[in-house]
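[1] turn this into a structure:
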Amino acid sequence: MSAEHHHHKETFVTKYIFSTDHKMISKQFLITGMFMGIIGVFMSMLFRLQIAWPEKSFSIIQAFLGDHQQTDGIMNPDTYLALVTIHGTIMVFFVLTAGLSGTFSNLLIPLQIGARDMASGFMNMVSYWLFFLSSVVMVASLFVEAGPASAGWTIYPPLSALPKAIPGSGAGMTLWLVSMAIFIASSLIGSLNYIVTVLNLRVKGMKMTRLPLTMWAFFITAIIGVISFPVLLSAALLLIFDRSFGTSFYLSDIFISGEVLHYQGGSPVLFEHLFWFLGHPEVYIILLPALGISSEVISTNARKPIFGYRAMIGSIIGIAFLSTIVWGHHMFISGMNPFLGSVFTFTTVLIAIPSAVKAFNYITTLWKGNLQLNPAMLFSIGLVSTFVSGGLTGLVLGDSALDINIHDTYFVVAHFHLVMGVSALFGMFAGVYHWFPKMYGRMMNKVMGYWHFWLTIIAAYGVFFPMHFIGLAGLPRRYYTNSNFPMFDDLADINVFMTYMAILGGVAQLIFLANFFISMYRGQKATQNPWKSNTLEWTTPVEHIHGNWPGKIPEVHRWAYDYSKTDENGNYVHGQDFVLQTVPLKDGEEPS
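    Modelled structure (predicted):
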């Protein structure tokens with residue numbers, strides 16, 4: 001059956017809803033992730049208002065949080081903690097994981113390795129619908145009477161293990177755990193699919209050493225996910241047992257209102273170990289795809305081969321390995337043996353080496369390049385900036401002796417928002433701007449893209465750069481007001497400034513949303529290869545077809561970064577400043 005014939009038999013349901021086409025599934029992940037992102041960012045706006053003006057009544061808080069959640073537009077502590085919890089959960093899992101791995105692994109893996117589709121289109125579809133179901137359950141938890149989960153996004157016991165501990169420990173917490181269990185199932189199915197596809201479906205000539213760095217990043221990310229996500233699932237299942245079946249994996253010697261509960265023998269530190277064994281690799285499950293995307297965008301728009309291709313692959317593998325043996329640096333004040341703390345300090349500081357390799361190689365690729373400063377390129381350069389500036393503070397937090405002083409202060413919040421949150425979001429935006437023509441056959445508006453970038457990076461640094469200083473001053477995180485502590489009165493103006501910047505950042509995302517949805521229907525029609533890029537996805541027709549390529553899949557003869565390649569006379573090979581992977585080698589030309 002021909003691709004065209006198959007195309008005509010599709011119905012609306014099989015094409016747009018229960019699709020097994022990787023290109024459609026990537027769009028489903030992206031749109032769902034963007035919707036969850038709107039919720040997550042809006043929550044951050046609400047609690048920033050509370051931190052900046054803790055005694056002031058806001059009609060917007062009254063309107064959105066309802067009468068039973070607060071009084072007269074002033075947020076109460078339970079509501080504040082619930083907002084912080086769900087904001088963190090949504091942004092880490094439902095926006096950044098879905099927006100990067102879900103969207104771009106699905107879109108690019110078959111296109112860049114020369115495959116007709118994923119190894120299993122059905123499993124791919126199931127992966128998305130499990131993700132969608134987990135998103136629905138998480139959003140539904142916002143509407144239960146006692147409120148959503150409010151034990152922080154790390155859901156430490158005993159707050160998460162005792163249904164009667166606080167209002168957010170009840171039905172909302174149960175829904176949180178159910179949602180995360182479904183999400184983990186989705187991630188595992190997707191990751192296995194990505195791994196099998198990369199290993200088994202590469203086109204003729206596509207050796208592993210000819211894969212674009214995006215493919216290496218998605219491939220290694222999927223392996224980290226398969227190793228670490230089951231550990232979080234086990235942590236959640238044991239927590240469900242403690243909550244519902246009277247076990248005490250995490251509970252011991254608990255008193256509530258003077259009443260001694262019957263739990264004994266458990267330890268909340270066990271939960272911390274299980275949670276952070278996923279929690280730290282999760283940083284790189286989010287960050288590595290963003291770094292892979294920026295590698296592709298920077299090389300394409302610098303019109304230069306990526307500097308140190310094999311070193312970049314080595315750094316991705318090094319980061320992946322080290323990320324699984326550093327989880328204890330989140331637990332330096334949990335009563336850990338100081339010797340064990342020194343081991344985790346060593347492995348944590350070690351991860352700076354492959355991270356520095358990536359940063360220096362990006363800078364060297366940019367050096368003396370013929371830079372095309374389009375929105376995708378600006379966001380990629382912005383990622384390098386936030387990755388470096390956020391990563392430097394990680395050296396402070398990774399040292400057990402220094403971390404003890406600033407643990408659970410806003411310094412920690414500033415660090416991980418810059419290095420993980422903002423960097424990953426910049427990678428996602430770069431990917432959307434760069435591959436939007438491949439997804440929708442149209443170009444996004446460049447001027448709106450520039451406004452989006454500059455407002456976003458100014459807002460990001462405006463929020464998180466001052467946050468380091470209030471953290472060093474000792475301001476603790478997750479407090480809904482600091483007005484009871486006179487020593488923090490001098491920091492109030494900084495919090496007000498940060499809130500204005502956060503609102504600016506939120507408004508900037510409206511420009512992106514408008515650009516995205518208007519361009520989808522009214523953007524300038526894209527040519528087949530608008531960025532003059534080398535990789536295989538730009539050899540497919542603009543019009544989406546089943547199987548990606550009409551007729552035979554092209555063969556690969558070279559690596560993905562033959563930009564500005566010249567012969568011995570200084571003339572461009574093939575007469576242009578880029579050579580597609582599908583172009584055969586000339587006589588005497590060195591294979592890559």
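
[2] from here on, just use CA atoms for contacts and neighbour counts.
    Will do.

[3] so residue 10 is in which element?
    Under DSSP states H and E, no helix or strand contains residue 10.

[4] burial of it, as a residue count?
    The number of residues packed near residue 10 is 12, by other Cα atoms under 10 Å.

[5] could you report the pLDDT at it?
    Residue 10 carries a pLDDT value of 74.

[6] same check, this time on residue 513
    pLDDT recorded at residue 513 is 98.

[7] what is the helix or strand encompassing it packed up against?
    Assigned by DSSP H and E, residue 513 belongs to helix 492-522. When contacts are defined as 3 or more Cα pairs under 8 Å, 6 or more residues apart in numbering; DSSP states H and E, helix 492-522 packs onto helix 22-52, helix 446-472.

[8] give me the helices and strands touching the following helix or strand past the longest one, please.
    Past helix 22-52, heading to the C-terminal end, the next element that is a helix or strand (DSSP H and E) is helix 59-65. Counting contacts by 3+ Cα pairs under 8 Å, 6+ apart, helix 59-65 is packed against strand 74-75.

[9] rounded mean pLDDT for stretch 405-425, please.
    Here the average pLDDT along stretch 405-425 is 96.

[10] how close does residue 323 get to residue 288?
    Distance from residue 323 to residue 288, counting by Cα to Cα, to the nearest Å: 11 Å.

[11] between those two, which one's more packed in?
    Neighbour totals were compared for residue 323 and residue 288, and residue 288 leads with 26 against 23 (other Cα under 10 Å).

[12] contacting residues for the more buried one?
    217, 218, 221, 316 (Cα atoms under 8 Å, 6 or more residues apart in numbering).

[13] nearest residue to the last one other than its sequence neighbours?
    This means residue 316. Closest residue to residue 316 apart from its sequence neighbours, by Cα to Cα, 6 or more residues apart in numbering: residue 217 at 6.7 Å.

[14] likewise the third one?
    Nearest in space to residue 221, with sequence neighbours left out and distances taken as Cα to Cα, 6+ apart, is residue 285 at 5.2 Å.

[15] the helices and strands packed on helix 492-522: which one's closest to residue 104?
    Set against residue 104 and scored by Cα to Cα, the helices and strands packed on helix 492-522 come closest in helix 22-52, at 6.6 Å.

[16] between that closest one and helix 492-522, how big is the angle?
    160 degrees (axes from the mean of the first three to the mean of the last three Cα atoms, to 10 degrees).

[17] mind listing what's buried along helix 22-52?
    Buried residues in helix 22-52, counting neighbours by 16 or more other Cα atoms under 10 Å, are found at 22-34, 36-52.

[18] quick one: list the elements packing against that helix.
    Packed against helix 22-52 by the contact rule (3+ Cα pairs under 8 Å, 6+ apart) you find helix 77-89, helix 106-113, helix 121-140, helix 492-522.

[19] out of those helices, which is the most enclosed?
    Most buried of those, by mean neighbour count (mean count of other Cα atoms under 10 Å): helix 106-113, with a mean of 25.

[20] which residues does it contact?
    With Cα under 8 Å, 6+ apart, helix 106-113 has contacts from 22-23, 25-26, 115-118, 194, 197-198, 201-203, 206, 211-212, 215, 439, 535-537, 548.

[21] mind listing what residue 508 touches?
    For residue 508, the contact set (Cα under 8 Å, 6+ apart) comprises 451, 452, 455, 456.

[22] from residue 498, how far off is the residue lying closest to the last one once chain neighbours are set aside?
    Same thing as residue 456. Nearest non-adjacent residue to residue 456, counting by Cα to Cα, 6+ apart: residue 505, 5.2 Å away. Per Cα to Cα, residue 505 is found 10 Å from residue 498.

[23] what are the boundaries of the helices in the stretch 251-400 of the chain?
    268-302, 309-323, 338-350, 352-366, 375-397, 400-406 (DSSP state H, counting those that start in this stretch).
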